[in-house]
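Novice: need the 3D shape of this:
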Amino acid sequence: MSVAVQNLTKIFGTQKAVDDISFQAKPGEVLGFLGPNGAGKTTTMKMITSFIPPDEGTATVCGFDVAEQPMEARRRIGYLPEHNPLYKDMYVREYLRFIARLHKLSNIRKRVEEMIELTGLGREQHKLIGALSKGYRQRVGLAQAMLHGPDVLILDEPTSGLDPNQLADIRRLIRQLGQEKTVIFSTHIMQEVKAICDRALIINRGKIVADDSIEGLQHRISAESVVTVEFQKAPPRKALQSVPFLKELRELGGNRFQLIAGPETDLRGAVFDFAVENNLKLLELHKEVYEIDEVFQKLTR
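Specialist: Reported below is the predicted structural model:
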């Protein structure tokens, strides 16, 4: 595993900001790190990147303990913090060359050119960072995080301040990077989770309350399984009530119905068999799922 967190805890005064959490992230995975304000996301990211030490537990990056071998771990991490710290009186290209020298890269010119192209900074590369919009400053932050070719990218609110076009570009870039690297990023934008993540980890009051695929999260909290179906010609209600495992039948108007069963039952196969047996044409058949923002609200309230 690229990142392994075990029983990680951080206490500030009388408050447990992070409370005994454990999780892993592997190469080729984009892990969304979600939670309300004050849930412990940023504190966890700071411990993984060795900016602050844990009070208990361990975090390893590519096999290196961030407390015992911080420099080895840091060499393998690209980090974009929530408040992007940049030297605003430096030019974009000048700043990236400066960061490249800090990493002791060999072919600085080539690597800087690659990052400028990858993050779409071509038109802004000769400007002062202080003269850039917030969206382009985020791009500079992403460029410096990726400059040394890290195995793990940790991005805290990476799309903050981006316009819709920039947002689409950065999402595409994160998905591309996630094919070969381990990417952990926090966000409050639920659409981003669906668009980017392979998996989502939800933290609330310092504790992990969910860790699953996006589809798994959407299904796991439902107290019932709901299937919506539309027939070309509606069958008699009494006949439709014969579908196995059916608990409730709702008429939606026209030839559309909702069939409700227990949470572990998927009625789609039974409805399809019913249509075949009764020579009915299906125009629509799908299972209703919670949107990811509904899941988030239910798990963090």
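
Novice: how about the strands in the protein?
Specialist: Using DSSP state E, the strands of the chain run over 3-12, 15-25, 29-34, 56-61, 64-65, 77-80, 152-156, 182-186, 199-204, 207-213, 225-231, 248-253, 256-261, 282-287.

Novice: what lies in contact with the first one?
Specialist: Read it as strand 3-12. 16-25, 40, 43-44, 47-48, 52, 54-61, 152, 182, 184 (C-beta atoms under 8 Å, 6 or more residues apart in numbering). In this view, the C-beta of every residue, glycine as well, is placed from N, C-alpha and C.

Novice: ok, now the shortest one?
Specialist: With contact meaning C-beta under 8 Å, 6+ apart, strand 64-65 is reached by T58, A59, E72, A73, R76.

Novice: ok, now which ones touch the residue lying closest to K16 once chain neighbours are set aside?
Specialist: Spatial nearest neighbour of K16, chain neighbours left out: G206 (5.0 Å); criterion: C-beta to C-beta, 6 or more residues apart in numbering. Taking C-beta under 8 Å, 6+ apart as the criterion, G206 is in contact with K16, A17, V18, D19, I21, A39, G40.

Novice: residues contacting the fourth one?
Specialist: When contacts are counted by C-beta under 8 Å, 6+ apart, D19 is found next to T9, G40, R205, G206, K207.

Novice: pLDDT wise, what is it at?
Specialist: On the pLDDT scale, D19 is placed at 94.

Novice: and the gap between V243 and V112?
Specialist: Remark: distance between V243 and V112 (C-beta to C-beta, to the nearest Å) = 63 Å.

Novice: residues in contact with D156?
Specialist: K41, T42, M45, L80, P81, E82, F185, S186.

Novice: min pLDDT across those residues, which one?
Specialist: Among the contacts of D156, pLDDT bottoms out at E82, giving 81.

Novice: so which elements touch the worst-scoring helix or strand of the chain on mean pLDDT?
Specialist: The weakest-scoring helix or strand in the chain, judged by mean pLDDT, DSSP states H and E, is helix 214-220 (a mean of 75). For helix 214-220, the packing partners by 3 or more C-beta pairs under 8 Å, 6 or more residues apart in numbering; DSSP states H and E come out as strand 199-204, strand 207-213, helix 292-300.

Novice: quick one: closest of the ones you listed to A239.
Specialist: When the helices and strands packed on helix 214-220 are compared by C-beta to C-beta, helix 292-300 sits nearest A239, at 33.1 Å.

Novice: can you give the contact residues for that closest one?
Specialist: 34-36, 39, 190, 193-194, 200, 202, 204, 209-210, 214, 217-218, 221, 290.

Novice: if we go to 7 Å?
Specialist: 34-36, 190, 193-194, 202, 204, 209-210, 214, 217-218, 221 (C-beta atoms under 7 Å, 6 or more residues apart in numbering).

Novice: list the buried residues for that helix?
Specialist: For helix 292-300, a neighbour-count test (16 or more other C-beta atoms under 10 Å) marks I292, V295, F296, L299, T300 as buried.

Novice: same check on stretch 127-136?
Specialist: Neighbour-count burial for stretch 127-136 [16+ other C-beta under 10 Å]: I129, L132, G135, Y136.

Novice: tell me the one among these nearest to S160.
Specialist: Nearest member of the buried residues of stretch 127-136 to S160, counting by C-beta to C-beta, is G135, at 8.9 Å.

Novice: pretty sure the closest one is touching L162, no?
Specialist: Yes. If you go by C-beta atoms under 7 Å, G135 and L162 touch, sitting 4.4 Å apart.

Novice: JSON lines please, covering the strands of the chain and showing distance to D273.
Specialist: Shown next, in JSON lines, are the strands of the chain (distance: least, C-beta to C-beta, whole Å):
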{"stretch": "strand 3-12", "distance to D273": "45"}
{"stretch": "strand 15-25", "distance to D273": "40"}
{"stretch": "strand 29-34", "distance to D273": "37"}
{"stretch": "strand 56-61", "distance to D273": "50"}
{"stretch": "strand 64-65", "distance to D273": "55"}
{"stretch": "strand 77-80", "distance to D273": "51"}
{"stretch": "strand 152-156", "distance to D273": "47"}
{"stretch": "strand 182-186", "distance to D273": "42"}
{"stretch": "strand 199-204", "distance to D273": "33"}
{"stretch": "strand 207-213", "distance to D273": "28"}
{"stretch": "strand 225-231", "distance to D273": "12"}
{"stretch": "strand 248-253", "distance to D273": "16"}
{"stretch": "strand 256-261", "distance to D273": "13"}
{"stretch": "strand 282-287", "distance to D273": "11"}
